[in-house]
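Student: Give me a model of this one.
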Amino acid sequence: MSKTITYVITYENDRWVSRCPTGEVEGVGLAGSLSQLERDLAEIHAWAWPANTPGVEFVFDLPDDVAMLVAEYSHEKELAEAHTKRAAELAVKAAKVLTSHWSEPDTARVMGLSKQRVHQLKASA
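Tutor: This is a model prediction of the structure:
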C-alpha cells in the first residue's frame, strides 16, 4: 500500500455514511455496518488503484456527547495500557530481586502469582 485515504464517517438515517474530504474518491458510501463500509471502500480502492491500492482510514464525526464519551474511554484505555506496561516491568524486576533472596514458590506467594509465572518473569529478565 502506498498511502491511506481518509474518510469522514457519520451515522445518518440508520446507515453509516462515508465521505472523502480530500476528493480522492467522489460520492458517498453507505452501509449498515462499519465493517461492510470498510470492505466496500477497500474494494473500490482495489478497483481504482490495482497496482498501488491505498488503505482505508476512518475519522468519525460523532455527536458531541458521543464524541466526548469515546474520547474519555480512549484516554482511560491509554492510561490503563501505560499502567499495565509499567506493572509488567515491575513484575520482572520484583521477581528477579525477590528470587535472589527467596525461593520461587515463596516469591510467588509474596507477589500473588503462580510459581510458574515467577519462573517465567525471572527467565525473561
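Student: Strands of the protein, start to end?
Tutor: Secondary structure of the chain by DSSP state E: the strands cover 4-12, 15-19, 28-31, 55-60.
Student: What separation do you get for the residue of the chain most remote from its centre and residue 118?
Tutor: If you look at how far each residue of the chain sits from its centre, by Cα atoms, centre = their mean, the farthest one is residue 101, at 39.4 Å. Per Cβ to Cβ, to the nearest Å, residue 101 is found 13 Å from residue 118. For every residue, glycine as well, the C-beta is placed using N, CA and C.
Student: now do residue 8
Tutor: As for residue 8, its distance to residue 118 is 50 Å (criterion: Cβ to Cβ).
Student: Can you pick out the residue with more neighbours from the two?
Tutor: Comparing residue 8 with residue 118 by neighbour count (other Cβ atoms under 10 Å), the higher total belongs to residue 118, at 26 against 13.
Student: Any idea how many residues pack against the residue lying closest to that one once chain neighbours are set aside?
Tutor: In this structure, residue 118 finds its nearest non-sequential neighbour in residue 108, 4.4 Å apart by Cβ to Cβ, 6 or more residues apart in numbering. Residue 108 has 21 neighbours, counted by other Cβ under 10 Å.
Student: shaky segments in the chain?
Tutor: For the chain, applying pLDDT under 70 flags the ranges 1.
Student: returning to what we had before: and the strands of the chain, which is most packed in?
Tutor: Comparing these by mean neighbour count (mean count of other Cβ atoms under 10 Å), strand 15-19 ranks first with a mean of 18.
Student: Mind checking the strands of the chain for the one nearest to residue 122?
Tutor: Of all the strands of the chain, strand 55-60 sits nearest to residue 122, with 41.5 Å by Cβ to Cβ.
Student: Centre of the chain to the closest one, how far?
Tutor: Taking Cα atoms, centre = their mean, to the nearest Å, one finds the center of strand 55-60 at 14 Å from the center of the full chain.
Student: Give me the buried positions along the longest helix along the chain.
Tutor: Taking DSSP state H as the criterion, the chain has its longest helix at helix 64-99. The neighbour-count check on helix 64-99 (16 or more other Cβ atoms under 10 Å) flags 91, 94, 95, 96, 98, 99 as buried.
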